[in-house]
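A.B. asks: Provided below are the primary sequence and the corresponding predicted coordinates.
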Amino acid sequence: MTVSTAPGKVYLFGEHAVVYGEPAVPCAIERRARVAVDERDDDHIRVEARDLSLDGFTVEYAGDTDGRPDVDAPTDLVDAAMGYIDAAVEQARDAADAPDAGFDIRVESEIPLGAGLGSSAAVAVAGIDAATRELGAPLGPKEVADRAYRAEYDVQDGQASRADTFCSAMGGAVRVEGDDCRRIDTPNLPFVVGFDGGAGDTGELVAGVRRLKREYGFAADTVGNIGDIVRRGESLLAGADPAADPDPDLLAELGRLMDFDHGLLEALGVSSRTLDSMVWAAREAGAHGAKLTGAGGGGCIVALDETPETRTALSYTAECRDAFRAELDREGVREAGRR
Ligand SMILES: Nc1ncnc2c1ncn2[C@@H]1O[C@H](COP(=O)(O)OP(=O)(O)O)[C@@H](O)[C@H]1O
Ligand SMILES: C[C@@](O)(CCOP(=O)(O)O)CC(=O)O
Ligand SMILES: [Mg+2]
């Protein structure tokens, strides 16, 4: 059995626009998905993923992934549940040149699902890493990132950027623009996350922005403007000393850019009443800035605040189910055990 873990992320800025080739800066956070993989002696895949619904369910199905698993759950839930793991298994089989490999897989995660913290990328990255190690064909983190991107791309019908998967595989803060992916040095940014307990469908939200962008030139300009915000933000980060605490002027300007980014994401139709409430609660508590993170629709916001005020204010906000500080995780995917 091989176990790998990989982190989730928040977007400092640039989600959605990154799908159309603009740059984005996601940052890995210390919340991980853990995937344990045991090779079987047949070609079946058995998945245990207890975070997938309130009660959790376990499915077992043949290696022929056209067959539906025999579980008592709605088909769309099962499809949503299995998509990323199926795709990760396919990538691992292909990478290890073992098309008939079968596995028992167990997924456990500290990252809420569909909430904008990159649970899908973390599961795909950790799954591919563990499965290829288990098959004796370990990949480097960049190869894992590339394979996990292909898995997300397939599940999200060709609508995915490399941002989440590269960030989860490499850890730290990264900058992604099309196929150009790199790590960047940043000071420790004081992220606070607010979670409304809900979720958004990444594929649908991305498709909505795509439609808007096709219909209106000004929506396409909005996407370009998000890119301008990111370019401004990364030049600020490039001038900062990564070893020192971030200075207040840097945090103030990054916060302003986050606020601006949230406004543009709102205009693109991917925010929600609860996300907006949490964003305003954070701003009123004195956060430098606040925005939704990830695909939106519901889920999480991220704010910048080095004091406890924003977390406290969020924890008293009716729309907020959970508020926590999210430390930058400088480590990406890693093997967490083998026997
Ligand atoms: N703990 C988990 N166990 C199994 N599958 C998971 C887990 N976490 C995430 N996933 C997969 O990722 C999907 C959510 O991904 P997505 O909609 O992109 O949201 P996000 O990446 O923001 O969390 C889930 O529907 C599921 O398929
Ligand atoms: C909206 C998008 O930019 C980020 C999606 O993040 P998440 O899956 O909601 O964590 C899509 C993508 O980059 O593939
Ligand atoms: Mg995702």
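C.D. replies: That came in fine, so what should we check first? Numbers count the residues shown, from 1 in each chain. Ligands and ions are numbered 1, 2, ... in the order given.
A.B. asks: ok, the residue nearest the centre of the chain - contacts?
C.D. replies: Central residue check for the chain by Cα atoms, centre = their mean: the C-alpha nearest the mean position is that of G118, 1.5 Å away. With contact set as Cβ atoms under 8 Å, 6 or more residues apart in numbering, G118 has these partners: 8-9, 26, 111, 164, 167-168, 294. Backbone N, C-alpha and C define where each C-beta goes, glycine included.
A.B. asks: so what's the backbone phi/psi at it?
C.D. replies: The phi/psi pair for G118 (degrees, to the nearest 10) reads phi 70, psi 40.
A.B. asks: can you check G233 too?
C.D. replies: Dihedral angles of G233 (phi, psi; degrees, to the nearest 10) stand at phi -60, psi -40.
A.B. asks: in terms of helices and strands, where is the residue nearest to it when sequence neighbours are not counted?
C.D. replies: For G233, ignoring the flanking residues on the chain, the nearest one in space by Cβ to Cβ, 6 or more residues apart in numbering is L257 at 4.9 Å. Here L257 sits within helix 248-267, counting by DSSP states H and E.
A.B. asks: just to revisit the earlier point, from what I can see the residue nearest to G233 touches G289, true?
C.D. replies: Yes - the pair L257 and G289 passes the contact test of Cβ atoms under 8 Å, sitting 6.9 Å apart.
A.B. asks: give me the more crowded residue out of these two.
C.D. replies: For the pair L257 and G289, the greater number of neighbours falls to G289 (25 against 20), based on other Cβ atoms under 10 Å.
A.B. asks: quick one: residues contacting that one.
C.D. replies: Contacts of G289 were listed using Cβ under 8 Å, 6+ apart, and they are 254-259, 262, 283, 303-304.
A.B. asks: which of these are buried? Put it as a ChimeraX command.
C.D. replies: For the buried members of those, the matching ChimeraX selection, counting by 16 or more other Cβ atoms under 10 Å, is:
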select :254,255,257,258,259,262,283,303,304
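A.B. asks: nearest to ligand 1 among the contacts of G289?
C.D. replies: H262 (16.6 Å; Cβ to the nearest ligand atom).
A.B. asks: which residues are in contact with that closest one?
C.D. replies: 271, 279, 289-292.
A.B. asks: could you check the pLDDT of it?
C.D. replies: According to the predicted model, the pLDDT of H262 comes to 98.
A.B. asks: same check, this time on D201
C.D. replies: 89.
A.B. asks: check the gap between the residue in the stretch 151-300 of the chain that ligand 2 sits nearest to and ligand 3 for me.
C.D. replies: In the stretch 151-300 of the chain, the residue that lies nearest ligand 2 is G294 (2.8 Å; Cβ to the nearest ligand atom). Look at G294 and ligand 3: by Cβ to the ion, to the nearest Å, they are 7 Å apart.
A.B. asks: ditto for G118
C.D. replies: Following Cβ to the ion, the distance that separates G118 from ligand 3 is 6 Å.
A.B. asks: the closest residue to ligand 1 within the stretch 201-339 of the chain - nearest residue in space that isn't next to it in sequence?
C.D. replies: Each residue of the stretch 201-339 of the chain has a distance to ligand 1, by Cβ to the nearest ligand atom, and the smallest belongs to T202, at 3.7 Å. Distances taken as Cβ to Cβ, 6+ apart put A295 closest to T202, at 4.1 Å, once the chain neighbours are dropped.
A.B. asks: the one you found: neighbouring residues, count only.
C.D. replies: As a burial measure, A295 scores 30 neighbours (other Cβ under 10 Å).
A.B. asks: give the contact list for it.
C.D. replies: When the contact criterion is Cβ under 8 Å, 6+ apart, the partners of A295 are 15-16, 116, 200-202, 205-206, 270.
A.B. asks: tell me the SS of it?
C.D. replies: At A295 the chain is in coil, as set by DSSP: H, G, I helix; E, B strand; the rest coil.
A.B. asks: how about it, phi and psi?
C.D. replies: Comment: the main-chain dihedrals of A295 come out as phi -70, psi -30, following degrees, to the nearest 10.
A.B. asks: please report phi then psi for L139.
C.D. replies: In terms of degrees, to the nearest 10, the main-chain angles of L139 are phi -110, psi 160.
A.B. asks: hmm, it is touching A131, no?
C.D. replies: No - L139 sits out of contact with A131 when judged by Cβ under 8 Å, with a separation of 10.0 Å.
A.B. asks: which one of the two has more residues nearby?
C.D. replies: Neighbour totals were compared for L139 and A131, and A131 leads with 29 against 20 (other Cβ under 10 Å).
A.B. asks: part of a helix, is the more buried one?
C.D. replies: Yes - checked against three-state DSSP, A131 lies within a helix.
A.B. asks: and it, how far is that from ligand 3?
C.D. replies: Distance of A131 to ligand 3, given as Cβ to the ion: 19 Å.
A.B. asks: surely that residue touches D94?
C.D. replies: No - in this structure, A131 sits apart from D94 without contact. The criterion is Cβ under 8 Å, and the distance is 10.7 Å.
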